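# Provided below are the primary sequence and the corresponding predicted coordinates.
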Amino acid sequence: MAEVIIAQNQEQASSIAAEHIAQKIVNKPDFVLGLATGSTPLALYKQLTQIIQERQIDVSHVQGFALDEYVGLPKDHPESYFSVIRKEVVDPMGLNPDLIHTPSGDFGTVETAGEYYETQIKIAGGVDLQILGVGQDGHIGFNEPGSSLASRTRIKTLTQKTRQDNARFFDSIDQVPHHCVTQGIGTILEARHLVLLAFGETKADAIAGCVEGSISSSNPASALQLHPHATVLLDQAAASKLQHKDYYQYAFENKPSWQGI
Ligand code: GLP
């Protein structure tokens, strides 16, 4: 089972993750960080940036792999995940842009982008820690419900719900692409540590399914139950539909301090 940590709020949950990642980078300067987009990890990125700057942590060898990318947006479009990661992660943290990757199909066609990305991840030595958000329908990366739990990086069609959810970043829904390239669920499960964050009531159903529901491609986030080291960091609202909430809280409060996440 994933470790479920129910924090007071997004700031506290993000700070637990940021502290952990910062320490990992100190221990392993060429740490391979799996990056998520969306609004969920933004507070984590801000806090990690602050820690890196305050403690002057050397991040010049950190490698990064984004989970996904839209198909059809030029790289320099402000909403391409390439641009978003550059703006929210690479520039503020001072990472080396040459070591940060998005599955953009730069080398070859969109059909070969998945295979190429899988090779790049392998060459980097695999992802050490994958940051994840979750869609209201339980999608991770852009693996919409129905995605094979063994899937690899590939092109996917976004659901209308995801396009509507993400329309807030664009002028209108018509500008939201229909397709994306996303790491598969099988790819994500190969990261050594999964850290999924979710905040707010709109994520409560997806989280209940992810943590306590049946493992099913109908709820891609439930694949976390198959992973030997997964951490789910929540605020009170996202945790509100968990049946064993009190136990998770109790376990966390009584956790030996040496254990980390
Ligand atoms: C997008 C991203 C996902 C992200 C999800 C949730 O679909 N591809 O990686 O988890 O949005 O977004 P938010 O964090 O804004 O709720």
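That came in fine, so what should we check first? Numbers count the residues shown, from 1 in each chain.

# what is the burial count for the closest residue to the ligand within the stretch 51-200 of the chain?
Proximity to the ligand, evaluated over the stretch 51-200 of the chain using Cβ to the nearest ligand atom, is greatest for residue 133 at 2.7 Å. Yep, even glycine has a C-beta here, placed from its N, CA and C like the rest. A count of neighbours around residue 133, defined by other Cβ atoms under 10 Å, yields 22.

# for it, give me its contacts.
36, 37, 38, 39, 40, 41, 140, 196, 197, 198 (Cβ atoms under 8 Å, 6 or more residues apart in numbering).

# switch the cut-off to 7 Å
The contact partners of residue 133, taken as Cβ atoms under 7 Å, 6 or more residues apart in numbering, are 36, 38, 40, 41, 197, 198.

# quick one: low-confidence ranges for this protein?
Regions of the chain meeting the criterion pLDDT under 70 cover residues 105-108.

# who is the spatially most central residue of it paired with across the strands?
Nearest to the geometric centre of the chain sits residue 132, at 2.2 Å (Cα atoms, centre = their mean). On the basis of DSSP bridges, residue 132 is bridged to residue 196.

# residue contacts, it?
With Cβ under 7 Å, 6+ apart as the criterion, the residues that contact residue 132 are 36, 140, 194, 195, 196.

# again with residue 21
Under the criterion of Cβ under 7 Å, 6+ apart, the contact list for residue 21 reads 33, 48, 129.

# what's the closest of those residues to residue 115?
residue 33 (22.1 Å; Cβ to Cβ).

# ramachandran coordinates for that closest one?
Recorded main-chain torsions at residue 33 are phi -100, psi 130, according to degrees, to the nearest 10.

# residues contacting the closest residue to it other than its chain neighbours?
Using Cβ to Cβ, 6 or more residues apart in numbering and skipping the chain neighbours, the partner closest in space to residue 33 is residue 64 (5.0 Å). Residues touching residue 64, when contacts are defined by Cβ under 7 Å, 6+ apart, comprise 33, 35, 89, 95, 99, 100, 101.

# what sits against the last one?
What it means is residue 101. Shown here is residue 101, whose contacts under the criterion Cβ under 7 Å, 6+ apart are 64, 65, 66, 120.

# can you pull up the bridge partners for it?
According to DSSP bridges, the residues that bridge with residue 101 are residue 65.

# pull out the buried residues from stretch 116-128.
Along stretch 116-128, these residues count as buried under the neighbour rule (16 or more other Cβ atoms under 10 Å): 116, 117, 118, 121, 124, 127, 128.

# do stretch 135-144 as well
Counting neighbours by 16+ other Cβ under 10 Å, one finds that the buried residues in stretch 135-144 are 135, 137, 138, 139, 140, 141, 142, 143, 144.

# cool, stretch 194-207 as well?
Neighbour-count burial for stretch 194-207 flags 194, 195, 196, 197, 198, 199, 200, 203, 204, 205, 206, 207 (criterion: 16+ other Cβ under 10 Å).

# same check on stretch 139-159?
The neighbour-count check on stretch 139-159 (16+ other Cβ under 10 Å) flags 139-145, 147, 149, 151-156, 158-159 as buried.

# next, see if the helix or strand harbouring residue 166 gets close to the ligand.
Taking DSSP states H and E as the criterion, residue 166 maps to helix 160-166. Yes. Under the criterion of Cβ under 6 Å from any ligand atom, the ligand is reached by helix 160-166 at 162, 166.
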